[in-house]
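**Student:** model this:
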Amino acid sequence: MLNEFLESYQAFIKSNWVKAGYEKLTAVQLEAMPYILEGKDVIASSPTGTGKTIAYLLPLLEKINQESKGVQSVILAPSRELVMQILEETQKWAEGTSILAASFIGGANLKRQLEKLKKRPQIVIGTPGRINELIMQKKLKMHEVKLLVMDEGDQLLLPENKQAISNIVKSTLSDRQLVLFSATLSPEAIQKASAMMKKPELINITVKESPKVEYQYFLCDAREKIDVLRKLSAAEKFQALVFVRDIGNLSVLAEKLQFKGVSVGQLHSELKKEERAKAIKLFKQGEIQYLLVTDVAARGLDLQGLTHVIHYELPEGLSQFVHRSGRTGRLGSASGTVISIVTEREERKLKQICRELNADLHKKELVAGKIMNSK
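**Tutor:** Residues are numbered from 1 along each chain as shown. Below you'll find the model as predicted:
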């Protein structure tokens, strides 16, 4: 299968594939890539960490005309972090070519971003608000765009993005191709996406190829949660993303953990760009043990080799649980552990989520500073 796949692509993609050390295609790549190469519209749903970026990126790069200077492909993503991550991937896979990609994000200096457009990138990656702004100002010309990608499509289709997405899609010519990828997609989101497309191919991958993730939980009263989190930090030396529902709770938790001597960082939407970057950098360097995050702030955050995700507060439903938990045990990385700290009421909800995921759930407890199986 891999040989057939490589045969149909340009030399630079084959070379970069070998360099990346990948052995085989994932299910979403196998299904989506031929359709995208054929020029079909695609709606694809596949769990976090299954290689969705590569699934649309390689056909996109294959289709770029290197001789032509002008925007040929646009990739939309809901967060600054995800845009930067996609840009990095694009540059890696375009190595050995003259293909130019550029990022455009809300909150960044507009003048500097206009300078990037003057260099005539063939691939534009950005947040919907900023891309729409550049189109409205007639700075970003969309008439040559052949392929429009929506990454994390479920977020891009939320009501707050509706106007920007609609304007962006309308600014392209009718023969353009539209593809959408997401870890989870509701029937409503599929309906919204389909309305913008021409007979889209629907792809729904439900299971990760290599289930390397162990699901554990600790049962306690609500007021004891912080103590469980503190004891966990001392029991085993691991780094973890810790999910908290809202910014208020997150800030309070950070203060209390710091007071108890736990090294923590924060990541939420009210932080300045520099503060967010610093928190991510310190975490990547291993200088902080827990990075406390909200669901919105964690979108597009790819921490290579992350071993642990902790649900300090359970999310509303299955979709959010999948998004959060998918930050660990990602494709090609080591195994991961997902820990939930729950009350008795939350325990029932967690068991229901794991039943739907078809995942084994292991109850644990802390005994003399060690993580043990619950009796």
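
**Student:** so residue 305: helix, strand or coil?
**Tutor:** At residue 305 the chain is in coil, as set by DSSP: H, G, I helix; E, B strand; the rest coil.

**Student:** that one and residue 40, how far apart?
**Tutor:** Noted for residue 305: a distance of 35 Å to residue 40, by Cβ to Cβ, to the nearest Å. For every residue, glycine as well, the C-beta is placed using N, CA and C.

**Student:** mind checking which of those two has more residues around it?
**Tutor:** residue 40 (17 against 12; other Cβ atoms under 10 Å).

**Student:** in contact with that one, which residues are there?
**Tutor:** Residue 40 sits next to 177, 199-201 when contact means Cβ atoms under 8 Å, 6 or more residues apart in numbering.

**Student:** so which of the residues you listed wins on neighbours?
**Tutor:** Neighbour counts for the contacts of residue 40 (other Cβ under 10 Å) peak at residue 177, which has 23 neighbours.

**Student:** and the residue nearest to it when sequence neighbours are not counted, how far is that from residue 196?
**Tutor:** Among residues not flanking residue 177 along the chain, residue 147 sits closest, at 4.8 Å (Cβ to Cβ, 6 or more residues apart in numbering). Per Cβ to Cβ, residue 147 is found 14 Å from residue 196.

**Student:** list residues touching both of the two?
**Tutor:** Contact criterion Cβ under 8 Å, 6+ apart; residues bridging residue 147 and residue 196 by contacting each: residue 178.

**Student:** between these two, who's got more neighbours?
**Tutor:** residue 147 (21 against 17).

**Student:** show me the contacts for the more buried one.
**Tutor:** Counted by Cβ under 8 Å, 6+ apart, residue 147 has contacts 36, 60, 63, 72-74, 176-179.

**Student:** where does this structure have low pLDDT?
**Tutor:** Counting by pLDDT under 70, the chain contains low-confidence ranges at 1-6, 207-211, 299-302, 329-334.

**Student:** now with 50, please.
**Tutor:** Residues of the chain meeting the criterion pLDDT under 50: 1, 3.

**Student:** okay, domains of it per the record?
**Tutor:** As given by automatic domain parsing, the domain ranges for the chain are 2-204, 213-373.

**Student:** would you map the strands across the stretch 1-150 of the chain?
**Tutor:** Counting by DSSP state E, counting those that start in this stretch, the segments of the stretch 1-150 of the chain that form strands are 42-45, 73-76, 101-104, 123-126, 147-151.

**Student:** in JSON lines: those strands, plus distance to residue 167.
**Tutor:** Converted to JSON lines, these look like this (distance: least, Cβ to Cβ, whole Å):
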{"stretch": "strand 42-45", "distance to residue 167": "20"}
{"stretch": "strand 73-76", "distance to residue 167": "12"}
{"stretch": "strand 101-104", "distance to residue 167": "15"}
{"stretch": "strand 123-126", "distance to residue 167": "13"}
{"stretch": "strand 147-151", "distance to residue 167": "12"}
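
**Student:** out of those strands, the one nearest residue 134 is which?
**Tutor:** Nearest to residue 134 among the strands of the stretch 1-150 of the chain is strand 101-104 (6.4 Å), distances taken as Cβ to Cβ.
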